[in-house]
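Enquirer: 3D, please:
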Amino acid sequence: MTSITKRTRTSRKKDRAGNARAVTTEFWRARYRDASGKQHERHFARKTDAQQWLNEVTASQVAGTYVHPRTAKTTVGEWCDTWLAGYATRRPSTVRQARVHLAQIRAEFGAMALATVRPSHVRSWTARLRAGGLSASYVYALHSRLAQLFADAVHDGIVPRSPCSRRTSPGAGTQRPYVATTEQVWALYDAMPERFSAAVLLAAFAGLRLAESCGLRAADLDFIRAVVHPQVQYPAEELKTDVSRTPVPVARSLTLVLSAHVARWPGETVLTDDAGGQVGPWKLERAIRSARARVCRCARCSVVQAADARRFRCASCGCGDSEAGLPAGFRYHDLRHYFASLLIASGADVKTVQARLRHASAKTTLDTYGHLWPDRDESTRAATEAVIAARLGIPSGQASAGD
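Expert: Got it, this is the predicted structure:
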């Protein structure tokens with residue numbers, strides 16, 4: 001229900017002589033009631049402005065995009081607090097990541113009302129982040145988090161629409177993973193401390209992630225059937241998805257190495273520290289960085305090997321000149337990329353690689369490793385040539401011979 005009525009307001013004002021006199025002002029009062037029956041009103045100097053405001057309110061109520069005037073004043077920072085309180089039921093690591101993203105969002109939009117954020121604000125924000133040196137994938141993650149915030153705000157009836165869309169998305173980037181060679185993997189294995197060397201094998205030949213390797217328990221290894229059963233990740237948390245718990249068949253020679261490792265350094269987990277306790281991801285990553293620095297490539301014959309603590313001496317040509325054998329940004333997770341490349345090189349199809357890497361969908365596998373599959377030029381040429389040759393009456397093989 002809406003109404004517009006003409007009203008007058010009398011006030012006392014002083015003239016130039018300092019005498020107070022009554023002044024009457026006319027205005028138009030526009031009123032409406034929301035779904036809960038509460039009445040709202042605004043005053044306008046012109047009737048047309050009052051009618052236009054009521055028309056907009058009525059249209060939003062009919063379209064289901066109506067927002068309470070007080071709710072519309074909610075700032076991005078206030079909504080972040082409310083949203084995070086409901087998000088706290090997620091995994092602790094997931095909540096920590098969300099807090100990091102929200103810190104960036106608060107710095108840019110915290111004082112702004114949700115309803116005042118425009119797509120142009122979002123685009124300029126992501127552009128500044130990229131200009132500031134942040135990676136394309138991280139800026140994409142921040143934009144996705146902002147879009148998630150506004151999508152939940154729309155669902156909660158705080159704002160009528162979200163300023164985030166495909167038009168404001170900065171793109172996830174097309175960075176390809178670094179794939180180490182077999183020679184580099186074994187050099188890294190030789191450079192690792194013996195207590196942590198099994199970690200290289202778990203990632204390079206079983207595809208385990210960093211937290212999964214640190215959380216892998218000795219009871220999760222089936223030495224008889226040569227299967228690894230990932231069940232938890234560091235410290236003892238559930239894996240993110242059911243797909244991540246898919247058993248991974250491994251080489252029997254790998255189970256022999258892992259069996260000897262567990263026998264030499266017994267503990268609840270496969271990887272243990274000097275005190276026999278569980279190894280944390282940061283400690284293992286630091287070990288990878290230290291070992292990475294010891295992986296060298298011979299400047300003369302390009303052989304990659306682990307250098308000893310004192311100096312490099314090529315085992316092939318005896319040369320003492322070397323260069324870095326692995327890139328500076330090489331991480332533990334890059335060993336998982338090697339595992340994927342090994343499967344692809346052996347002829348494994350997409351579904352097999354997806355299953356071994358325990359990806360939730362084949363799209364993830366193709367987006368990450370699609371460039372590693374070899375092109376099948378001859379097979380596609382033969383498939384079309386057989387049909388065209390049959391139509392034109394060209395003997396089989398003659399068309400290709402003419403090329």
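
Enquirer: where in the protein is pLDDT low?
Expert: Applying pLDDT under 70 to the chain picks out residues 1, 64, 66, 174-175, 309, 376-379, 396-403.

Enquirer: what ranges do the strands span in it?
Expert: Ranges of strands in the chain, per DSSP state E, are 2-14, 20-33, 39-44, 221-222, 227-228, 232-233, 237-238, 248-249, 295-298, 304-306, 322-324.

Enquirer: for Arg381, which of those strands is the nearest?
Expert: Ranking these by proximity to Arg381 (C-beta to C-beta) places strand 248-249 first, at 35.7 Å. Glycine gets a C-beta too; all of them are placed from N, C-alpha and C.

Enquirer: can you tell me the strand partners of that closest one and which way each runs?
Expert: strand 227-228 (antiparallel) (DSSP bridges).

Enquirer: circling back to that earlier point, tell me which of the strands of the chain sits most buried.
Expert: The highest mean neighbour count among the strands of the chain, using mean count of other C-beta atoms under 10 Å, belongs to strand 295-298: a mean of 23.

Enquirer: what is it packed up against?
Expert: Contact analysis of strand 295-298 by 3 or more C-beta pairs under 8 Å, 6 or more residues apart in numbering; DSSP states H and E lists helix 182-191, strand 304-306, strand 322-324 as its packing neighbours.

Enquirer: just put these in JSON lines and tack on distance to Lys73.
Expert: Compiled in JSON lines, the helices and strands packed on strand 295-298 are given as follows (distance: least, C-beta to C-beta, whole Å):
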{"stretch": "helix 182-191", "distance to Lys73": "56"}
{"stretch": "strand 304-306", "distance to Lys73": "62"}
{"stretch": "strand 322-324", "distance to Lys73": "56"}
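
Enquirer: what's the distance between the closest residue to Ile394 other than its chain neighbours and Leu366?
Expert: Computed as C-beta to C-beta, 6 or more residues apart in numbering, the closest residue to Ile394 that is not its neighbour in sequence is Ile388, at 7.9 Å. Note on Ile388: its distance to Leu366, by C-beta to C-beta, to the nearest Å, is 29 Å.

Enquirer: the two - which one has more neighbours?
Expert: Neighbour tally, Ile388 and Leu366, criterion other C-beta atoms under 10 Å: the higher count belongs to Leu366, 15 against 10.

Enquirer: can you pull the contacts of that one?
Expert: For Leu366, the contact set (C-beta atoms under 8 Å, 6 or more residues apart in numbering) comprises Val350.

Enquirer: quick check: end-to-end length of stretch 230-249?
Expert: 11 Å (C-alpha to C-alpha, to the nearest Å).

Enquirer: list the buried residues in it.
Expert: Pro230, Gln231, Val232, Gln233, Tyr234, Leu239, Ser244, Thr246, Val248 (16 or more other C-beta atoms under 10 Å).

Enquirer: got those residues as CSV, with distance to Arg381 columns?
Expert: Putting those into CSV (distance: C-beta to C-beta, whole Å) gives the following:
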residue, distance to Arg381
Pro230, 42
Gln231, 47
Val232, 49
Gln233, 46
Tyr234, 50
Leu239, 44
Ser244, 40
Thr246, 37
Val248, 37
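
Enquirer: dump the residue contacts of Val262.
Expert: Residues near Val262 by C-beta under 8 Å, 6+ apart: Ala218, Leu221, Val270.

Enquirer: run the last query once more with 7 Å
Expert: Shown in contact with Val262 (C-beta atoms under 7 Å, 6 or more residues apart in numbering): Ala218, Val270.
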